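Asker: Using only what follows, build the 3D model:
(one chain, ligands or ions: 1)
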Amino acid sequence: MHLRLGTRGSALATTQSQHVADAVVEAAAARGVDLEVGLEIVTTHGDTSKASLVGLSTTGVFVNALRDHLLDGGCDLIVHSLKDMPVEPHPRLDLVAIPVREDVRDALCTTGPRLEELPAGARVGTGSPRRAAQLRRVRPDLEIVDIRGNVDTRLGRVGDDLAGVVLAAAGLSRLGRLESATELISVDVMVPAPGQGALAIEIRQDAEPALRELVSALDDAPTRAAVTAERAALQVLEAGCSAPVGAHATVTGGQLRLDLRVMNASGSLQLNEVARGPVREAAAVGRAAAHALLGRGASRLMGAG
Ligand SMILES: NCc1[nH]cc(CCC(=O)O)c1CC(=O)O
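Answerer: Numbers count the residues shown, from 1 in each chain. Sure, this is the predicted structure:
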């Protein structure tokens, strides 16, 4: 059997996709199926600059381009960073597998100093309001610089015009660049984005049962439960991927714990909620945490400076 795996062309996307391709081949081999998986780079017209020009979320553009390619029959499966996917299910696609997730933490990359050791006024780059607000909370003296671009472009600015950048440890790790991290920021200081560190594999709803079975073998139930809680909270908060919202769930035995944080842009105000429940109630745990924060004024906070 031969499968075509659709991916974006960035180093991070192709690396993640190759991991998934290898894992599917392995799952097939374990079932005695001889399988080849080829990567198909899906180019998006409307690169980053064009997308921001028309005011669209660039991640949404990339997810949609991959999905269109899959729906058109141009490939058999697609891989996304779960963090970048809309929370609503797609009417014609199935999220068949969420593999074991990587380290969920955010990483500070500098030329040496840790977060608490950066000089006053140091310039730290991030394009994420969630990271910016949490950095400002612990280091209000830093200058947070809004940056875009792929992982290598961002890292290239460290020690140049920036003292540091914050990136997901998962992305660095997959790229073999984890040594660029000076510090993995604890999840208490910086609650990760909902779904951070997890990959998502989509196939068409009308996919061959054999394909569905092979790919679902990659699903990891505890990871799925954790990200289900995180994303359910995000959905209730009606927050987009750029909102200052952190959500981090962990699974121990049959129990799930979700830490949810909503903040204002300056990080001066933070609302935190911890919710617990059985793993099979993951979505309900996420919704409950979000409703609790809405009751405490989360909407006002997210819109406020
Ligand atoms: N928004 C871009 C993006 N989407 C997924 C990752 C990293 C890998 C992950 O979180 O799974 C990144 C880069 C980053 O946040 O540093």
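Asker: Return the helix or strand in the protein with minimum mean pLDDT.
Answerer: Least confident element among the helices and strands of the chain, by mean pLDDT, DSSP states H and E: helix 48-53 (a mean of 41).
Asker: Enumerate every residue touching the residue nearest the centre of the chain.
Answerer: Taking CA atoms, centre = their mean as the criterion, residue 83 is the residue nearest the geometric centre of the chain, at 2.5 Å. Residue 83 makes contact with 168, 193-198, 241, according to CB atoms under 8 Å, 6 or more residues apart in numbering. All C-beta atoms are positioned from the backbone trio N, CA, C, and that covers glycine.
Asker: near the ligand too, which of these?
Answerer: Among these, the ones lying near the ligand by CB under 6 Å from any ligand atom are 168, 196-197.
Asker: A helix includes the residue nearest to the centre of the chain, no?
Answerer: Yes. Residue 83 sits within a helix when classified using DSSP: H, G, I helix; E, B strand; the rest coil.
Asker: Roughly how far does residue 256 sit from residue 18?
Answerer: Going from residue 256 to residue 18 by CB to CB, to the nearest Å gives 31 Å.
Asker: neighbour-wise, which of the two wins?
Answerer: Each of residue 256 and residue 18 has its neighbours counted (other CB atoms under 10 Å); residue 256 has more, 24 against 16.
Asker: so where's this protein shaky on pLDDT?
Answerer: Per-residue confidence of the chain (counting by pLDDT under 70) places the weak regions at 45-60, 240-242, 304-305.
Asker: Pull up the residues of it that are close to the ligand.
Answerer: Contact residues (CB under 6 Å from any ligand atom) of the chain with the ligand: 59, 81, 83-84, 167-168, 170-171, 196-197.
Asker: So which of those residues are in strands?
Answerer: 81, 167-168 (DSSP state E).
Asker: Throw those into JSON lines and include neighbour count, thanks.
Answerer: Below are these laid out as JSON lines (neighbours: other CB atoms under 10 Å):
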{"residue": "81", "neighbour count": "24"}
{"residue": "167", "neighbour count": "24"}
{"residue": "168", "neighbour count": "24"}
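Asker: so who does the spatially closest residue to the residue nearest to the centre of the chain that is not a sequence neighbour touch?
Answerer: The shortest distance from residue 83 to any residue other than its chain neighbours is 4.3 Å, reached at residue 195 (CB to CB, 6 or more residues apart in numbering). Contacts here follow CB under 8 Å, 6+ apart; on that basis residue 195 touches 81-83, 85, 227, 230-231.
Asker: burial measure for residue 212, as a count.
Answerer: That count, for residue 212 with other CB under 10 Å as the rule, works out to 17.
Asker: On the three-state scheme, it is what?
Answerer: Secondary structure, three-state DSSP: residue 212 is helix.
Asker: got the contact list for it?
Answerer: 94, 96, 203.
Asker: repeat that with 7 Å
Answerer: 96, 203 (CB atoms under 7 Å, 6 or more residues apart in numbering).
Asker: Touching, residue 265 and residue 244? I think so.
Answerer: Yes. Between residue 265 and residue 244 there is a contact under CB atoms under 7 Å: 6.3 Å.
Asker: quick one: the strands in this protein?
Answerer: Under DSSP E, the chain gives strands at 2-7, 36-41, 77-81, 93-97, 106-110, 123-125, 143-145, 164-168, 183-184, 199-204, 245-252, 255-263, 270-278.
Asker: for the fourth one, packing partners?
Answerer: It refers to strand 93-97. strand 199-204, helix 209-216 (3 or more CB pairs under 7 Å, 6 or more residues apart in numbering; DSSP states H and E).
Asker: how much does the biggest helix by length in the chain deviate in direction from strand 36-41?
Answerer: Criterion DSSP state H: the longest helix present in the chain is helix 11-30. Orientation check (axes from the mean of the first three to the mean of the last three CA atoms, to 10 degrees): helix 11-30 against strand 36-41 gives 160 degrees.
Asker: What residues of helix 11-30 count as buried?
Answerer: Neighbour counts over helix 11-30 (16 or more other CB atoms under 10 Å) mark 12-21, 23-25, 27-28 as buried.
Asker: Tell me how the chain divides into domains.
Answerer: When the chain is parsed with automatic domain parsing, its domains come out as 2-99+198-219, 106-184, 227-303.
Asker: Give me the contacts around the longest helix of the chain.
Answerer: Helix 11-30 has contacts (CB under 7 Å, 6+ apart) with 3, 5, 7, 35, 37, 39, 79, 99, 150-152, 171, 174-175, 199, 201, 214-215, 217-218.
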